[in-house]
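Trainee: Dropping a prediction and its sequence here:
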Amino acid sequence: MLNRRDALKTLSLTTAAALAGRLQASAQTATPAVAPAADLFVLPPLPFAPDALEPRLDAQTMTVHHGKHHAAYVQNLNKALAPYPKYHSQPLDVLLGHLDLLPPDIMTTVRNNGGGHANHSLFWKCLTPASGEPPQGDFLNAVVETFGSFANFQEQMTKAALGVFGSGWAWLSLDSTHKLRVESLPNQDSPLMFSRQPVFGIDVWEHAYYLRYQNRRAEYLESIWNVVDWQFVAGHYAELMET
Ligand code: MN3
């Protein structure tokens, strides 16, 4: 069953696609079918210097993670969408929420690389060198109401992160009834693909920690808890609650 938000998204995707189809048909004689899309999606800058999270997250990892891995997701996403101008007006969260409507030949590429772009764009914002401020307000209240305590939430999130077999993420997400949940998802899958909004995520791909922590994922997770920007996460939660 679709809630209002999902219904609006679906409507927006289908009407925009229909409109784009008509525009394309009317302009077919004048312009080539393949529009340039090199900068359709853009790599956002890291919100801090690569060495700002030292020693917990090292500069080399941050540089490669952002400048190579995240950049490649953006590049591959743009390349996949380039031949399909009718999707160019769609925000990424709409595309990821409607993967089944995409042409089969780009569905997996958009899932992996669009997911990668969305996940990392949120991840950088959730980190800060100035951490130490604990969460408070409505976000903290919701966490305590859902998980019993903030410590229990952290424990569940850590367990989800440790439990990812291979590559993936641990997520705090918000479902369509505005309930929080902790979940783990494989690869670059986003809660957006399952009608949930990502509030906060922890990347447990080896590329996120291997240079410094090698196979010691638990140590990496301990460090992550010390660099979370709870002010951002609480603000992001508040915005999602208004949708
Ligand atoms: Mn990553």
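Mentor: Sure, I can see it.

Trainee: Kindly provide the distance from whichever residue of the chain sits closest to the ion to I224.
Mentor: Distances between the chain and the ion by C-beta to the ion are smallest at D203, namely 4.2 Å. In this view, the C-beta of every residue, glycine as well, is placed from N, C-alpha and C. In this view, D203 and I224 are 9 Å apart by C-beta to C-beta, to the nearest Å.

Trainee: as a whole number, average confidence for stretch 171-179?
Mentor: The average pLDDT for stretch 171-179 rounds to 97.

Trainee: Which residues belonging to that stretch are considered buried?
Mentor: The neighbour-count check on stretch 171-179 (16 or more other C-beta atoms under 10 Å) flags W171, L172, S173, L174 as buried.

Trainee: Point out the residues in this structure that sit beside the ion.
Mentor: D203, W205, A208 (C-beta under 5 Å from the ion).

Trainee: Look up how far A238 lies from the second one.
Mentor: Look at W205 and A238: by C-beta to C-beta, they are 29 Å apart.

Trainee: neighbour-wise, which of the two wins?
Mentor: More crowded of W205 and A238, by other C-beta atoms under 10 Å: W205, with 18 against 13.

Trainee: tell me the contacts of that one?
Mentor: H69, S167, G168, W169 (C-beta atoms under 8 Å, 6 or more residues apart in numbering).

Trainee: Let's verify the last one: helix, strand, or coil?
Mentor: It stands for W169. Using DSSP: H, G, I helix; E, B strand; the rest coil, the three-state assignment for W169 comes out as strand.

Trainee: Quick check: closest non-adjacent residue to it.
Mentor: Spatially, and ignoring its direct neighbours in sequence, W169 is nearest to G201 (4.9 Å; C-beta to C-beta, 6 or more residues apart in numbering).

Trainee: next SSE after the helix or strand containing the one you found?
Mentor: Secondary structure assignment for G201, by DSSP states H and E: strand 197-203. Where DSSP H and E defines the elements, the next helix or strand beyond strand 197-203 is helix 210-213.

Trainee: which parts of that next one are buried?
Mentor: L211, R212, Y213.

Trainee: Same question for stretch 57-71.
Mentor: In stretch 57-71, counting by 16+ other C-beta under 10 Å, buried: L57, D58, A59, T61, M62, V64, H65, H66, H70.

Trainee: Could you quantify the relative orientation of the host helix or strand of A161 and strand 197-203 as an angle?
Mentor: Following DSSP H and E, one finds A161 within helix 150-162. Between helix 150-162 and strand 197-203, the angle comes out at 60 degrees (axes from the mean of the first three to the mean of the last three C-alpha atoms, to 10 degrees).

Trainee: What mean pLDDT does helix 150-162 get?
Mentor: Helix 150-162 comes out at a mean pLDDT of 98.
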